[in-house]
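In: Any chance you could fold what I've pasted below:
(one chain, ligands or ions: 1)
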Amino acid sequence: MDDKIANIICKSIRLKIFEKNKVEDVSEGENMRVVIYPGTFDPVTNGHIHIAERAGSLFDRVIIAVAADNYKKNLFSLAERIDLMKKSTKHIENIEVESFTGLLAEYAKGKDAQASIRGLRAVTDFEYEMQIAAMNKHLNKDMETIFLMTEGKYSFLSSTMIKQVAMVGGSVKGLVPLIVEDSLKTKYKLSLEKDKS
Ligand code: COA
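Out: Below is the predicted model of the structure:
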């Protein structure tokens with residue numbers, strides 16, 4: 001599916017949400033169209049940025065919610081992940097970056113968000129994402145989950161894969177923002193030095 005078709009689908013979903021909420025003026029205040037883009041972002045990749053940019057063009061306000069607690073062992077601290085995300089998305093006007101703890105469904109209620117957005121890279125993502133979406137719907141019936149197809153050139157990307165390549169000195173150029181590339185180099189250089197001493 002190309003970007004054009006994905007955008008048409010998202011626009012029609014957006015219209016349905018607004019019709020349901022009987023919103024007339026969607027440009028300001030409590031009528032703003034707010035979407036949450038949640039994730040661990042350890043670290044943020046160009047695949048994530050592409051999803052964030054497209055979310056920015058579909059919604060009035062995009063809140064990137066960086067998960068503070070999860071089951072993964074992260075390379076970057078929460079503060080670092082937020083900082084990298086802020087620097088990597090500063091070109092997108094209507095984006096804010098925050099951390100969140102606990103349930104996404106509860107966090108979205110507190111932010112008056114109508115939806116959460118997730119990127120789908122391949123069929124293998126679908127089943128897992130469908131389960132999360134169903135659980136979130138159960139916990140917050142007012143929150144829709146919107147999926148955007150990840151662009152083909154990023155469909156093989158994951159934060160884990162980026163870390164694996166960077167750890168052994170491979171190039172991740174073009175796959176992550178420049179600031180992330182530099183931070184990965186620094187992180188792994190420091191850990192190598194630590195191991196030697
Ligand atoms: N481009 C590149 N990579 C992408 C991508 C894209 N467009 N979309 C997804 N990915 C990658 C991520 O980088 C991540 O890679 P990794 O596993 O190597 O780190 C992977 O796909 C998806 O990981 P996953 O753990 O599914 O999602 P996440 O890390 O992005 O975030 C939360 C998961 C935080 C959204 C979810 O756990 C959550 O909502 N937690 C809060 C608790 C809660 O509410 N639970 C109830 C719902 S189950």
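In: Would you mind measuring from the residue in the chain positioned nearest to the ligand to Gly110?
Out: Residue of the chain nearest the ligand, by CB to the nearest ligand atom: Gly47 (2.2 Å). Where you see a C-beta, it was placed from the backbone N, CA and C, and this is true even at glycine. To Gly110, Gly47 is 27 Å away according to CB to CB, to the nearest Å.
In: between these two, who's got more neighbours?
Out: More crowded of Gly47 and Gly110, by other CB atoms under 10 Å: Gly47, with 22 against 8.
In: and the most centrally placed residue in the chain, helix, strand or coil?
Out: Of all residues in the chain, the one closest to the mean position by CA atoms, centre = their mean is Tyr37, 4.3 Å from it. Assigned with DSSP: H, G, I helix; E, B strand; the rest coil, Tyr37 falls in the strand class.
In: partner residues bridging it?
Out: Going by DSSP bridges, Tyr37 is paired in beta bridges with Ile64.
In: in terms of contact, does it touch Ala52 like I think?
Out: Yes. Taking contacts as CB atoms under 8 Å, Tyr37 lies within contact range of Ala52: 5.9 Å.
In: if I look at those two, which residues touch both of them?
Out: 62, 64 (CB atoms under 8 Å, 6 or more residues apart in numbering).
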